[in-house]
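Asker: have a look at this prediction, sequence included:
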Amino acid sequence: MNLIQILESWKNDPNVMDYVTCWQKIPARPAVYASWPEDMHPKLSDMLQERGIRLPYSHQAEAFRLISGGKDTVIVTPTASGKSLCYQVPVLDAILKDKDARALFLFPTKALSADQVTELYSMITALDCDIKAYTYDGDTSVSARKAVRSAGNIVVTNPDMLHSGILPNHVKWVKLFENLRYVVIDEIHTYRGIFGSHLTNVIRRLKRICQFYGSDPVFVCCSATIANPLQLAETITGRRMSVVDKSGAPYGERDMIFYNPPVVNKQLGIRKSALTQARMFASVLIANHVQTIVFARSRLMVEVLLTYLKAIVRDPLGGSERVRGYRGGYMPLERRAIEKGLKNGSVTGVVSTNALELGVDIGSLEACVLCGYPGTIASTWQQAGRAGRRNSSSVTLFIANSSPMDQFIVTHPEYFFEQSPEMALVNPDNLYIFMSHLKCAAFELPFEDGEEFGNVATTEEALSYLQEEGILQHVAGRWHWSSETFPAADISLRSASNENVIIVDTTGNDNRVIGEMDHFTAPMLLHDEAIYIHEGVQYQVEKLDLPMHKAFIKRTNVDYYTDADMQVDVKVMDVFDEEEEGDRVDMFGEVLVNSLVTVFKKIKFDTHENIGWGQIHLPEMTMHTQAVWYSWPKGLPGMNEGQIGRALSGVTNLLANVAPLFLMCDPRDIVTFYQVRQPFTNAPTLFLYDAIPGSMGLSEKMFHMKDEVFRQALSMLDTCPCETGCPSCVGPDSEPDSKELTRRLLLSILDKSEAVE
Amino acid sequence: MADFRQKLKMMSSLSADWNKPAEKPVVCEKTLDDTETVFPYDTVYGRYSLEMFRDVSARLFYGLNDLPEEPLDPERLLFLDTETTGLFGAAVQAFLVGLGYFRKDGFHVRQLLMRSLGAEEELLNALRDLFPSFDTVVTFNGKSFDIPLLETRMVFHRIRAEFPETHIDLIHPARRIYKLRLESCRLSNLEARVFGVERVDDLDGSLIPGRYFQFTRTGDDALLTDILDHNRQDIVSMPLLVCAMCQALSGPTEAQPDADLFSIGRYYMRQKNADTAADYFSNVPDGLWALPAQWHRSLILKKTDPAAAAACWEEILARTPDYCPAMIELSKYHEHTTRDISAAYSYCLQALDTNMGKYKYAGELSARKARLEKKLFRSGNAKEDAPRK
């Protein structure tokens, strides 16, 4: 069977169609071509022609016109629409016309940088001219660095290296900064939250340095489809930008199928697992030689699916190379082998985590199976974009698991298709992040009196604070660095505070660092005796040494995982805004969150039985962040204290699941929490706080969202197939009246006239 | 909203590795200190005196950095050493630049010191004005540290300066000459072990940035005394080190330590001065360095006098019977020079029997053995009764 026949067979199979909640056809679209501008360097059009690019798509021509005209530009077009060419061509054109011109390309990962340089290199070779393009990252040898610094026309690097390697040593990069004409920031949608807030500050520093050397580069950003690409790009670059968002690239017809596995336990609302369903569908596709990519949400799931699918294709000699796994952290050589296999047809199936979401070009596939909702609309479209690239028809099959978020999406397909994709939020003025980069900036160039960093009005106050701390000295109108430290070394762009816990594997003879985790999460996941899973391998934590910021782990093989209980307390420090909504008071402000983990449970795989527990002896953690809280000063009429607790518990759990959909964030970026009697409000209170020191602005956004989130929480509660409340809706510790109490509270929030009683 | 400053305070209290608050800052004026000390020519420092600099040979002096000889006018040499606020990164400044030069009345040490972090431009301008009076700058590790730093700081302040055309960096010849004998070639250690003078109460270099920052905050001149002394000593030591090295290079003497003789032999070999090198090697007395010296000498002789070289190798083997490289050389010598194939073969077999021959040179030796066997077989056929050893 080919793909079309398979789709027909599914359509005629009630065992499939009974559980399909949505089957949408997205029609094909032809290419829209334009022509290259007349003043483009002739060598360049010859080279493109030789590579089979006779005419540009309309968006590529438009991007060229804007970028060459000196306009800061953001390009937003779908996966595989030829986005890189939009900036490669104008940059190469500029260098061909002025061999001193320089450009800086930023990619979020080293793998993407390497891909980019390979591509640039083949173009430059075809151009037969003396343009130098280099990667500059942690892997660049010391001897090569000198050449990159003095001769690289195009320097391809990542934000971390720009932050800790290039900017603090800008005196060695004079040639680059004096002649910098273009700064390209690709995959800008990945810079949300902490990473984006850091990058914004790194760009503020870059612009300061450029100004010092007298250059004023054009900024070019590329983004996947998100709700606010322009706003994000303008925040990060601090510039007004032009948008190119009408793609001229063609794409084939695509079927989007949403599938909700059958319920197996109505009382508990448990469905067949998405994993077994994904295995079933992918097996059919792969057995029929339909090139298929399966996305699973965790590395562990990738391993499991891989084992199943490899079994299908195993040949008599035991070879199963037709199905390959693809995880983040794969070496370039392995990746190339997979890409080549897809191109020549020797690979039929790929199982991947979201590593492939980024623009690594792996070739075109016909089918995409999403095992579980990728978490955001934007990621879903990106992953779906891996299937069906130019001219052939393709299918994307989303299989929901029983988590509330998956259930919400699979039962509300209109939300998915009608809602614009997520917003990427950054908060560059997060005090922790801002102060970190203010130090770096002061190290790089003394601040002058009256100078503002990133237009932040409190710059001067912050500088004088750093003087009191002995880090700066104000002399004759300038703030001079006066410390022996190298500030960039202590600041990681991937976390808000600089106190990450390093994870050390002690299994072998040599201790190996395999990862890091932020200070606040470590007690939850890396406490002594915790089972920690990394790349599908189980480890047991031998010792968490918080003062040394280290966790020592050892490989193990057990049939359970661990889950720690965290006690949270929130202290209100400041109220920024408050509003009365009937009997409810909504507040938004600053809080100190104290968290203490005390015990952990051992939970058996598959059955989820509790098979033991242990105590944790760790100090209390304190985090300074922002929160929104809802309180009922008159209490909740008609409920006793126990009932209030259960109602709040239910709403808290629903909120934790619904809020990320509206805040467009990772579920781990927020924490919800309730107290029946809260000391500050002296009333039943429900909190939602940013799980990141200094906050990412999520709770503030929540504050302005008002009843919308509660309406969706109610809808999620009502869609849940359980009878009296289950772990998916009201949470794990439900009582027979939990669902009803939760519904009553939500109704009272939404409709004052229908209030309880 | 909470006071911004309160927030910053709270933030730092939550963070473990935030710096402790410092003393109340004392804002200094934007000034430069410029002091000069004159050391008369009869200043003696251990085995060396400044006077000896008059006798330094121009050929040896420029040879220290492999440069061709040019006229040497001590008054046109600028000795330079900086003290800095750190080791790397854009914020590092040279807050103290020590300069030394010979004049009629002796050796002048001039120290330019920034009394505040804002005085850098003034200091660099002073340097720019000073440079044209000199042809050559002499430093200790200045090629990789002091001079690039000053150059980038000049770029920073957009100052165009003509640095002296020639740069002699003493660290490289010092390492070549003394490294084998001394575990460290830091200037203070060279003073102790070469001049024979230990520094008293010398300031640990890693403490300098901290001291200086403390000075800029407190204005307490006492904090500077040790830094200025340390820098002044570094400057004075440089011409003395030149004297020491040029003396050591001017011909082997019995007073020189074995390791130095051997090292200088290699120093001259690197400069392709085979005769002088052989001279040093042949003066290495019996002991630890005798064998390596003999070996290096043999490699020099190999090109000019193969028989003498062969004598060296035999002597080496007489003293160190299992020294494989000498057997290989003798095997080659007999194969190609004396054409005594059986002797060559016998050395080859001996070499194969040593540990080095079994592992390090195994490939090379078995190829040689096979070739020699072929030659032996052929010559054996040609003249059956050829003499055998």
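Answerer: That came through, no problem.
Asker: okay, CA-based contacts and neighbour counts for the rest of this
Answerer: Will do.
Asker: can you give me the strands in the stretch 51-200 of chain A?
Answerer: When secondary structure is read from DSSP state E, counting those that start in this stretch, the stretch 51-200 of chain A shows strands at A:73-76, A:102-106, A:133-135, A:154-157, A:180-185.
Asker: sorry, slip of the keys, the one I care about is the stretch 401-550 of chain A.
Answerer: Remark: strands assigned in the stretch 401-550 of chain A by DSSP E, counting those that start in this stretch are A:447-448, A:472-475, A:478-481, A:501-505, A:512-517, A:531-534, A:537-545, A:550-555.
Asker: of all those, which one is nearest residue A:218?
Answerer: Checking these against residue A:218 by C-alpha to C-alpha gives strand A:447-448 as the closest, at 24.0 Å.
Asker: mean confidence for that closest one?
Answerer: Mean pLDDT, computed over strand A:447-448, is 94.
Asker: again, but for stretch B:262-273
Answerer: Stretch B:262-273 comes out at a mean pLDDT of 94.
Asker: and the next element down the chain from the strand or helix carrying residue B:175?
Answerer: Using DSSP states H and E, residue B:175 falls within helix B:171-178. Counting by DSSP H and E, the next helix or strand C-terminal to helix B:171-178 is helix B:187-190.
Asker: just checking, next helix/strand downstream of that following helix?
Answerer: Downstream of helix B:187-190 (by DSSP H and E), the next one is helix B:208-218.
Asker: buried sites along that following helix?
Answerer: Under the neighbour-count criterion of 16 or more other C-alpha atoms under 10 Å in any protein chain shown, helix B:208-218 has B:208-209, B:211-218 buried.
Asker: off-centre distance for it?
Answerer: Distance, stretch centre to chain centre, for helix B:208-218: 31 Å (C-alpha atoms, centre = their mean, to the nearest Å).
Asker: avg pLDDT for that helix?
Answerer: Taken as a whole, helix B:208-218 has an average pLDDT of 91.
Asker: on contacts alone, who are the packing partners of that helix?
Answerer: strand B:77-84, helix B:222-249 (3 or more C-alpha pairs under 8 Å, 6 or more residues apart in numbering or on different chains; DSSP states H and E).
Asker: what about residue B:86, which helix or strand?
Answerer: Using DSSP H and E, residue B:86 falls within no helix or strand.
Asker: that one touches residue B:145, doesn't it?
Answerer: No: between residue B:86 and residue B:145 there is no contact under C-alpha atoms under 8 Å: 11.4 Å.
Asker: of those two, who's got more company?
Answerer: Legend: neighbour count by other C-alpha atoms under 10 Å in any protein chain shown for residue B:86 and residue B:145, higher for residue B:86 (20 against 15).
Asker: can you pull out the helices in the stretch 401-550 of chain A?
Answerer: A:404-411, A:413-418, A:431-444, A:459-468, A:522-525 (DSSP state H, counting those that start in this stretch).
Asker: rewinding a little: deepest of the helices and strands packed on helix B:208-218, which one?
Answerer: Greatest average neighbour count among the helices and strands packed on helix B:208-218 goes to strand B:77-84 (a mean of 23), per mean count of other C-alpha atoms under 10 Å in any protein chain shown.
Asker: quick one on the thing from earlier: pipe the helices and strands packed on helix B:208-218 into JSON lines and attach mean pLDDT per row.
Answerer: Formatted as JSON lines, the helices and strands packed on helix B:208-218 follow (pLDDT from 0 to 100):
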{"stretch": "strand B:77-84", "mean pLDDT": "97"}
{"stretch": "helix B:222-249", "mean pLDDT": "95"}
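Asker: and these: which comes nearest chain A?
Answerer: Using C-alpha to the nearest C-alpha as the criterion, the shortest distance between chain A and the helices and strands packed on helix B:208-218 is 10.1 Å, found for strand B:77-84.
Asker: what does that closest one contact?
Answerer: For strand B:77-84, the external contacting residues (C-alpha atoms under 8 Å, 6 or more residues apart in numbering or on different chains) are B:92-102, B:134-140, B:142, B:146, B:208-209, B:231, B:234-235, B:238-239.
Asker: try 6 Å
Answerer: Residues outside strand B:77-84 that contact it (C-alpha atoms under 6 Å, 6 or more residues apart in numbering or on different chains): B:93-101, B:134, B:136-139.
Asker: in chain A, what residue lies closest to chain B?
Answerer: At 4.4 Å from chain B, residue A:469 is the closest residue in chain A, using C-alpha to the nearest C-alpha.
Asker: residues near residue 347, how many?
Answerer: All of this refers to chain A. For residue A:347, the tally of surrounding residues (other C-alpha under 10 Å) stands at 22.
Asker: that answer is for a different chain, and I need it for chain B
Answerer: Residues within reach of residue B:347, counting by other C-alpha under 10 Å, total 22.
Asker: so which bits of the strand or helix carrying residue B:357 are buried?
Answerer: In the assignment (DSSP H and E), residue B:357 maps to helix B:355-358. Within helix B:355-358, the residues that qualify as buried are residue B:357, counting by 16+ other C-alpha under 10 Å.
Asker: and stretch A:501-513, is it in reach of chain B?
Answerer: No: if you take C-alpha under 6 Å from any C-alpha of the partner chain as the test, stretch A:501-513 misses chain B, and the best it gets is 13.4 Å.
Asker: ok, residues contacting that stretch?
Answerer: A:514-519, A:549-555.
Asker: got a ChimeraX select line for the buried ones in those residues?
Answerer: To isolate the buried members of the contacts of stretch A:501-513 in ChimeraX, using 16+ other C-alpha under 10 Å:
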select /A:516,517,518,519,549,550,551,552,553,554,555
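Asker: now the two most distant members of the contacts of stretch A:501-513.
Answerer: By the measure C-alpha to C-alpha, A:519 and A:555 form the most distant pair in the contacts of stretch A:501-513, at 22.4 Å.
Asker: give me the secondary structure label for residue A:728.
Answerer: Taken by DSSP: H, G, I helix; E, B strand; the rest coil, the conformation at residue A:728 corresponds to coil.
Asker: can you count the residues close to the nearest residue to it once chain neighbours are set aside?
Answerer: Nearest residue to residue A:728, sequence neighbours excluded (C-alpha to C-alpha, 6 or more residues apart in numbering or on different chains): residue A:404, at 5.4 Å. Other residues lying near residue A:404 total 24 when counted by other C-alpha under 10 Å.
Asker: and residue A:404, how close does it get to residue A:747?
Answerer: The spacing between residue A:404 and residue A:747, counted by C-alpha to C-alpha, to the nearest Å, is 19 Å.
Asker: check residue A:550 too.
Answerer: According to C-alpha to C-alpha, residue A:550 and residue A:747 sit 47 Å apart.
Asker: with residue A:663 instead?
Answerer: From residue A:663 to residue A:747 the distance is 22 Å (C-alpha to C-alpha).
Asker: neighbours around the residue of the stretch 251-389 of chain B at minimum distance from chain A, how many?
Answerer: Nearest residue of the stretch 251-389 of chain B to chain A (C-alpha to the nearest C-alpha) works out as residue B:270 at 23.6 Å. Using other C-alpha under 10 Å, the number of residues around residue B:270 comes to 13.
Asker: where in the stretch 601-750 of chain A is pLDDT low?
Answerer: A:605-608 (pLDDT under 70).
Asker: at 80 instead, please
Answerer: A:603-610, A:661-668, A:706, A:720-723, A:726-728, A:731-734 (pLDDT under 80).
Asker: can you pull out the strands in it?
Answerer: With DSSP E, counting those that start in this stretch as the criterion, the stretch 601-750 of chain A has strands at A:610-615, A:621-631, A:670-678, A:683-690.
Asker: could you dump those strands to JSON lines with mean neighbour count and distance to residue A:426?
Answerer: As requested, those are exported to JSON lines (neighbours: other C-alpha atoms under 10 Å in any protein chain shown; distance: least, C-alpha to C-alpha, whole Å):
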{"stretch": "strand A:610-615", "mean neighbour count": "14", "distance to residue A:426": "38"}
{"stretch": "strand A:621-631", "mean neighbour count": "24", "distance to residue A:426": "14"}
{"stretch": "strand A:670-678", "mean neighbour count": "20", "distance to residue A:426": "15"}
{"stretch": "strand A:683-690", "mean neighbour count": "23", "distance to residue A:426": "13"}
